[in-house]
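Asker: Fold the following, please.
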Amino acid sequence: MKRIFTLLTIMAAGILAISCTCSPKKALLPTISGKAGEIIIVIDKADWEGALGSEFRELLASDCPFLPQKEPLYNLVDITPSNFTNIFQVHRNIILVNIGNDVTEPGVVYRQDVWARPQCVIGINATDSETALQLIQENSRTILNTIEQAERDRIIANSIKYEERSIAPVVTAFAGGSPHFPTGYSIKKHTSDFIWIEYETTYVTQGFFIYKYPASGTADDFKIENIVAKRNEFLKENVPGMFENTYMVTSDVTTPGLEYIKYKGREFAEARGYWEVHNDYMGGPFVSHSFYSRDGKEIIVLDGFVYAPRYDKRHYMREVESIMYSFEWAASDGKK
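Answerer: So this is what the prediction gives:
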């Protein structure tokens, strides 16, 4: 499977040839359309039904990992070039496949805010279908990460714009920094080493656990078995279920996945898996970021989870994960 979670450091500065020069014209662009997690691919029908279409589906629509039900990474909508009219040009994510003898510079081009904002547009320029396929394969990581970052940036921007400003000071005092939690989230529990933050509607719960414990300063700090053991220890102590002798734990149905990530100057171990309630039937996906405190004496964990038994969970998890990626250390003067 071609899903690649690791975001390279270059994402912080822009990927390759992304053009994001600000101008008065861009300020007048309309707001993007389309659903979160959706990509329009402008491509000839024959190519979509052939090897190129198969490559795009394998890269962008394979199963999203660590979700209880099968859901694609992204929903793909194919449009032929002749049908790519104004109504589609303002979509949030667009991949333009341009194949023809008039292409003088084959390659992949990354642009932002071409017809709308905040928009992600990727061009695949090639003289023939075989060259286009090769370009997609050679640039698969950057293509996927560019779209992933665009989706994440939109969520983070909204979280900052509609931030629940009472939470960050509490988390910053606890951990030395904080993500941006949007309106609707509230602190449910706060102890000396554990904070529980949650947003709950009738059928959906999105929540975060933030906890810390002494670091050993060795590679063992970020081994998956140690991350899971500490997670279970904190959840058993702090997250009870609805009934007696019930509490949240990490499911052992499958071993959680682990990635080591460097993102905007921060390094952390990202674990993904399933949670469940001991002696009960509740469960869902989780993602956690484990990293050293600024002085290196403690491990700080940001742990996000979703409970949405009636709905698909991909978008809810992407929202939770994006909020975690918005984490910022406090400045030395105490301000973020």
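Asker: Tell me the spacing between T254 and V287.
Answerer: Going from T254 to V287 by C-beta to C-beta, to the nearest Å gives 14 Å. (Glycine included, C-beta is placed from N, CA and C.)
Asker: Quick check, G176 in contact with A331.
Answerer: No. Applying C-beta atoms under 8 Å, one finds G176 not in contact with A331, separated by 10.7 Å.
Asker: Same drill for these two, tell me which one is more crowded.
Answerer: Using other C-beta atoms under 10 Å as the criterion, G176 and A331 rank with G176 on top: 15 against 9.
Asker: thinking again about what came up before, mind checking which of T254 and V287 has more residues around it?
Answerer: A direct count of neighbours by other C-beta under 10 Å for T254 and V287 places V287 higher, at 22 against 10.
Asker: And the next helix or strand past the helix or strand hosting that one?
Answerer: Assessed by DSSP states H and E, V287 sits inside strand 283-292. Following strand 283-292 in sequence order, the next helix or strand is strand 298-307 (DSSP H and E).
Asker: any residues touching the strand holding V287, and which ones?
Answerer: By C-beta atoms under 8 Å, 6 or more residues apart in numbering, the surrounding residues in contact with strand 283-292 are 66-68, 215, 221-222, 227, 231, 250-251, 266-277, 298-309, 313, 317, 320-321, 324, 327.
Asker: now do stretch 127-134
Answerer: The contact list for stretch 127-134, computed with C-beta under 8 Å, 6+ apart, reads 47, 50-52, 55, 97, 99-101, 103, 106, 124, 126.
Asker: what bridges to V109?
Answerer: Counting by DSSP bridges, V109 is bridged to G123.
Asker: oh, I was asking about E270
Answerer: E259, H289.
Asker: so it makes contact with Y263?
Answerer: No. The pair E270 / Y263 is not scored as a contact, 9.4 Å apart, by C-beta under 8 Å.
Asker: So these two - more neighbours on which side?
Answerer: Higher neighbour count among E270 and Y263: E270, with 24 against 18, using other C-beta under 10 Å.
Asker: Tell me who's in contact with the more buried one.
Answerer: 5, 258-261, 287-289.
Asker: Can you pick out the most distant pair from the residues you listed?
Answerer: Y260 and V287 (14.2 Å; C-beta to C-beta).
Asker: From R111, how far off is R117?
Answerer: 12 Å.
Asker: Could you do E259 as well?
Answerer: As judged by C-beta to C-beta, E259 and R111 stand 28 Å apart.
Asker: and if you look at A175?
Answerer: Applying C-beta to C-beta to A175 and R111 gives a distance of 37 Å.
Asker: Between those two, which is the more surrounded one?
Answerer: A175 (23 against 16).
Asker: Please, where are all the helices along the protein?
Answerer: Secondary structure of the chain by DSSP state H: the helices cover 24-27, 45-48, 51-60, 86-89, 129-138, 140-161, 168-175, 224-238, 314-325.
Asker: which of these sits most buried?
Answerer: Mean neighbour count, computed with mean count of other C-beta atoms under 10 Å, is highest for helix 314-325 among the helices of the chain, reaching a mean of 22.
Asker: pLDDT weak spots in this structure?
Answerer: 1-27, 332-336 (pLDDT under 70).
Asker: Would you mind giving the domain segments of it?
Answerer: Domain segmentation of the chain under automatic domain parsing yields 9-160, 164-329.
Asker: how far away is T202 from Y311?
Answerer: 11 Å.
Asker: neighbour count winner among these two?
Answerer: The neighbour comparison of T202 against Y311 (other C-beta under 10 Å) goes to Y311, with 12 against 6.
Asker: any idea how far that one lies from G296?
Answerer: 40 Å.
Asker: OK, contacts around T80?
Answerer: T80 touches 42-45, counting by C-beta under 8 Å, 6+ apart.
Asker: from these, which would you call buried?
Answerer: For these, a neighbour count by 16 or more other C-beta atoms under 10 Å gives the buried set as 42-44.
Asker: Dump these to JSON lines, plus distance to Y185.
Answerer: Putting those into JSON lines (distance: C-beta to C-beta, whole Å) gives the following:
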{"residue": "V42", "distance to Y185": "38"}
{"residue": "I43", "distance to Y185": "40"}
{"residue": "D44", "distance to Y185": "45"}
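Asker: Among these, which one sits closest to L28?
Answerer: Nearest to L28 among the buried ones among the contacts of T80, with distances taken as C-beta to C-beta, is V42, at 23.7 Å.
Asker: what's across from the closest one in the sheet?
Answerer: Beta bridges link V42 to I79, L96, judged by DSSP bridges.
Asker: didn't it look like it was pressed against N93?
Answerer: No. Using C-beta under 8 Å, V42 is not in contact with N93, being 11.5 Å away.
Asker: gap between P30 and K188?
Answerer: For P30, the distance to K188 equals 39 Å [C-beta to C-beta].
Asker: Of the two, which one has the most company?
Answerer: Applying other C-beta under 10 Å to P30 and K188 shows that K188 carries more neighbours, namely 15 against 12.
Asker: Would you mind confirming that the more buried one is in contact with E198?
Answerer: Yes. Contact between K188 and E198 holds when scored by C-beta under 8 Å: they sit 4.9 Å apart.
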